[in-house]
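K.L.:
Just need the structure, nothing else, for what follows:
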Amino acid sequence: MAVIAALDPHVDAFQRRFLDAIAARPAPGPLFQEEVARLGRALPVGSSDGEPAVAQEQPACAHLPCAIAAGLAGAEAPLVAAVAALAPALCWTYGYPPDDRYPGLAERIAFCEVVGFRGLRPGGAVRLGLTLMAPGTAYPAHAHPAAETYLVISGTGLWQAGETPAAMRPPGSVIWHPADVPHAMTSFADPLLAVWSWSGRIAAPPFYTT
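P.N.:
Presented below is the predicted three-dimensional model:
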């Protein structure tokens, strides 16, 4: 319980700064403000019950210090500072089953939850976490039944969702994926670090669509 008590202020800061950032940006799609309000109501604040998931790393986590350092000098520095405080306690996973079409991808992408099933705090109706991509990585088209919001906090990625043209997304960009919309991302010279939230059918896993 002492571990949770020490992390609680940083989890609160992470949630608050994420919500403030996405609320301050132009809405990336119709009904997005409703999504922001939904997240604000659902994210738990204050002390957590139980024990957090055991911290673990994935190969892609070798790029986390570089991503944090770049993010602390960028547009989302306050949010990145909260990530830096939580970093030693995060439980990173890959999550997709082995797939011969994408050899080595499990070494180049990692995900963690700050709020959720494998997070530092139970999430109830929402999940909130991070995606980390090594430089020069293509995250293939994938989808999930949950609605998803992304906020890029370090690095610039090429984002494509549904039928919309691909676009470069620098730090500070907000991207919204309604439920079941296929989307893909590519990182370039720098690692890509982004905060994500899920709402709706949050227990259903993602899957590759190609």
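K.L.:
Would you state the helices of the chain in chain order?
P.N.:
2-24, 32-42, 64-72, 77-86 (DSSP state H).
K.L.:
CSV please, covering these and showing mean neighbour count and distance to V174.
P.N.:
Any C-beta I mention is one placed from the backbone N, CA and C, and that applies to glycine too. Converted to CSV, those look like this (neighbours: other CB atoms under 10 Å; distance: least, CB to CB, whole Å):
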stretch, mean neighbour count, distance to V174
helix 2-24, 17, 5
helix 32-42, 16, 8
helix 64-72, 18, 16
helix 77-86, 20, 12
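K.L.:
can I get those helices in JSON lines with mean pLDDT?
P.N.:
As requested, the helices of the chain are exported to JSON lines (pLDDT from 0 to 100):
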{"stretch": "helix 2-24", "mean pLDDT": "89"}
{"stretch": "helix 32-42", "mean pLDDT": "93"}
{"stretch": "helix 64-72", "mean pLDDT": "99"}
{"stretch": "helix 77-86", "mean pLDDT": "98"}
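K.L.:
Make TSV from those helices and add distance to R101 to it.
P.N.:
Output for the helices of the chain, formatted as TSV (distance: least, CB to CB, whole Å):
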stretch	distance to R101
helix 2-24	32
helix 32-42	32
helix 64-72	26
helix 77-86	31
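K.L.:
Ok, which of those comes nearest T156?
P.N.:
Nearest to T156 among those is helix 64-72 (10.2 Å), distances taken as CB to CB.
K.L.:
Next one: S187 relative to G155, how far apart?
P.N.:
Computed with CB to CB, to the nearest Å, the distance linking S187 and G155 is 6 Å.
K.L.:
any common contacting residues for these two?
P.N.:
M133 (CB atoms under 8 Å, 6 or more residues apart in numbering).
K.L.:
so where's the chain shaky on pLDDT?
P.N.:
Judged by pLDDT under 70, the chain has its weakly predicted residues at 1-4, 47-50.
K.L.:
residues near P205, how many?
P.N.:
Residues lying near P205 (other CB atoms under 10 Å) number 10.
K.L.:
quick one: contacts for it?
P.N.:
95, 144.
K.L.:
Against H142, how distant is it?
P.N.:
10 Å.
K.L.:
how about the strands in this protein?
P.N.:
Counting by DSSP state E, the chain has these strands, from start to end: 92-93, 109-115, 126-133, 138-143, 146-154, 157-161, 167-169, 174-177, 183-187, 192-200, 207-208.
K.L.:
Need those strands in a markdown table (columns: mean neighbour count).
P.N.:
Formatted as a markdown table, these follow (neighbours: other CB atoms under 10 Å):
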| stretch | mean neighbour count |
| --- | --- |
| strand 92-93 | 19 |
| strand 109-115 | 25 |
| strand 126-133 | 24 |
| strand 138-143 | 16 |
| strand 146-154 | 24 |
| strand 157-161 | 21 |
| strand 167-169 | 14 |
| strand 174-177 | 21 |
| strand 183-187 | 21 |
| strand 192-200 | 24 |
| strand 207-208 | 14 |
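K.L.:
Could you point out which of the ones you listed sits nearest V80?
P.N.:
Of all these, strand 146-154 sits nearest to V80, with 5.4 Å by CB to CB.
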